[in-house]
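Visitor: let me see the structure of the following:
(2 chains)
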Amino acid sequence: DAKTTQPTSMDCAEGRAANLPCNHSTISGNEYVYWYRQIHSQGPQYIIHGLKNNETNEMASLIITEDRKSSTLILPHATLRDTAVYYCIVTNGSNYKLTFGKGTLLTVNP
Amino acid sequence: DAGITQSPRHKVTETGTPVTLRCHQTENHRYMYWYRQDPGHGLRLIHYSYGVKDTDKGEVSDGYSVSRSKTEDFLLTLESATSSQTSVYFCAISEAAGGVSPLHFGNGTRLTVT
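Guide: Numbers count the residues shown, from 1 in each chain, chains lettered A, B, ... in the order given. Take a look at the predicted model:
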């Protein structure tokens, strides 16, 4: 699986959009970009995933660049409950062994 | 939330004793996983299952065994617990292999080996 690079931490004001970047410059054509988050003491939570096109669901939007070498997770109106570690993962369907890196600690401030 | 129940939620045990953690799902998903999470190491895969009685090792499988006799249950056993196995253990499930469909995680079991 392609390796990902994320900032260690980010801050965001409550009510504003949170934009979390992820670099995956070695991504292959058949690899998906997944985002998970982990709120303190809880299990990781799936947020969204995509292959080539931008995706949106009730939680977030995923913007993938045209060359697929980077992506951005957007939380449109961050709340205090969005404070968590966010993991960007790149994987294809044949690999069971997903690798969770250190992720980005997003802190939403009042 | 995905129907995943881990039990027990907390356990303290002594070095050398056997311990079994249980993961129960109500989603009828084919794939099940056991991860451990430790400070500085992130989530690491211990074992996974791709069907009843079909299991395989992950990256940190030494000292652990698993069994899956029914679709809904995936058991993780520490045959003789050691202090290095003090960790938070997460079970996860997915409809297809981890990459085609997302993983859904349980809320974890905090295990302390004294």
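Visitor: only C-alpha atoms from now on, for both contacts and neighbour counts.
Guide: Noted.
Visitor: quick check: the gap between the most centrally placed residue in chain B and A:Thr107.
Guide: Residue closest to the mean C-alpha point of chain B, counted by Cα atoms, centre = their mean, is B:Trp34 at 2.7 Å. Distance, B:Trp34 to A:Thr107, using Cα to Cα, to the nearest Å: 28 Å.
Visitor: that older thread, which strand or helix spans the nearest residue to the residue nearest to the centre of chain B once chain neighbours are set aside?
Guide: Sequence neighbours aside, B:Cys91 is the residue nearest to B:Trp34 in space, at 4.6 Å (criterion: Cα to Cα, 6 or more residues apart in numbering or on different chains). According to DSSP states H and E, B:Cys91 maps onto strand B:87-94.
Visitor: now that strand, how far from the centre of its chain.
Guide: Mean-position distance between strand B:87-94 and its chain equals 5 Å (Cα atoms, centre = their mean, to the nearest Å).
Visitor: identify the residues contacting it?
Guide: A:43, B:4, B:6, B:23, B:25, B:29-38, B:101-112 (Cα atoms under 8 Å, 6 or more residues apart in numbering or on different chains).
Visitor: equivalent analysis for stretch A:12-31, please.
Guide: A:1-7, A:10, A:51, A:68-80, A:88, A:90-93, A:104, A:106-110, B:99.
Visitor: again, only this time at 6 Å
Guide: Stretch A:12-31 is contacted from outside by A:2, A:4-6, A:69-79, A:91-92, A:108-110, using Cα atoms under 6 Å, 6 or more residues apart in numbering or on different chains.
Visitor: repeat for stretch A:98-109
Guide: A:7-14, A:80, A:83-87, B:43.
Visitor: buried ones among the residues you listed?
Guide: Among the contacts of stretch A:98-109, those classed as buried by 16 or more other Cα atoms under 10 Å in any protein chain shown are A:Cys12, A:Glu14, A:Thr83, A:Ala84, A:Val85, A:Tyr86, A:Tyr87, B:Leu43.
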